[in-house]
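In: I need the structure of the sequence given here:
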Amino acid sequence: MAQPPAPDTDAALRDLSRYNLLHGHDRRARPLPDDPILLKHLLLLAGEQAAAKDARIEQLQEQVALLRHKLFSPKSERNPEDTDSPQLAMFNEAEELIEAGALRRRWTSAD
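Out: Coordinates of the predicted model:
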């Protein structure tokens, strides 16, 4: 007894797009093909799509958790990443002026 020919993948994809199952644009129930091989392909593709969506959801949940941690976790006044920040240097201006004045007084009093 001869084996039935393997289904053509391109033809299966064309059938899938015809039934609008590939992209899920139309959520209404459509009649499915009677070919069991094509039905298996539809089922495999639906499973792959679900797995890809699950992986994407997991990735997005990790990103949300990281961003929530960055936004809402306790923070110290000085962050190690900000030690070279120009804004932090502005707060040293008063100390620098005091030190410069003390140096000037030392130089002028030494004369």
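In: what pLDDT does D35 get?
Out: For D35, the pLDDT comes out at 89.
In: for the one 10 residues further on, same thing?
Out: As summarised for this prediction, L45 has a pLDDT of 92.
In: so which strand or helix has it?
Out: helix 36-72 (DSSP states H and E).
In: Now that helix: buried residues?
Out: L38, H41, L42 (16 or more other C-beta atoms under 10 Å). Where C-beta positions appear, they are placed from N, C-alpha and C, glycine not excepted.
In: export those to TSV and tack on pLDDT and distance to E99?
Out: Converted to TSV, the buried residues of helix 36-72 look like this (pLDDT from 0 to 100; distance: C-beta to C-beta, whole Å):
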residue	pLDDT	distance to E99
L38	91	82
H41	92	78
L42	90	77
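In: got the CA positions of stretch 49-64 in CSV?
Out: C-alpha atoms of stretch 49-64 as CSV (Å, rounded to 0.1, in the frame of the first residue of the first chain):
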residue,chain,number,x,y,z
GLN,A,49,2.4,30.6,18.1
ALA,A,50,1.2,30.0,21.6
ALA,A,51,4.7,29.1,22.8
ALA,A,52,6.1,32.3,21.1
LYS,A,53,3.5,34.4,22.7
ASP,A,54,4.2,32.8,26.1
ALA,A,55,7.9,33.5,25.7
ARG,A,56,7.2,37.2,24.8
ILE,A,57,4.9,37.6,27.8
GLU,A,58,7.6,36.2,30.1
GLN,A,59,10.2,38.6,28.6
LEU,A,60,7.9,41.6,29.1
GLN,A,61,7.1,40.5,32.6
GLU,A,62,10.8,40.5,33.4
GLN,A,63,11.2,43.9,31.9
VAL,A,64,8.3,45.3,34.0
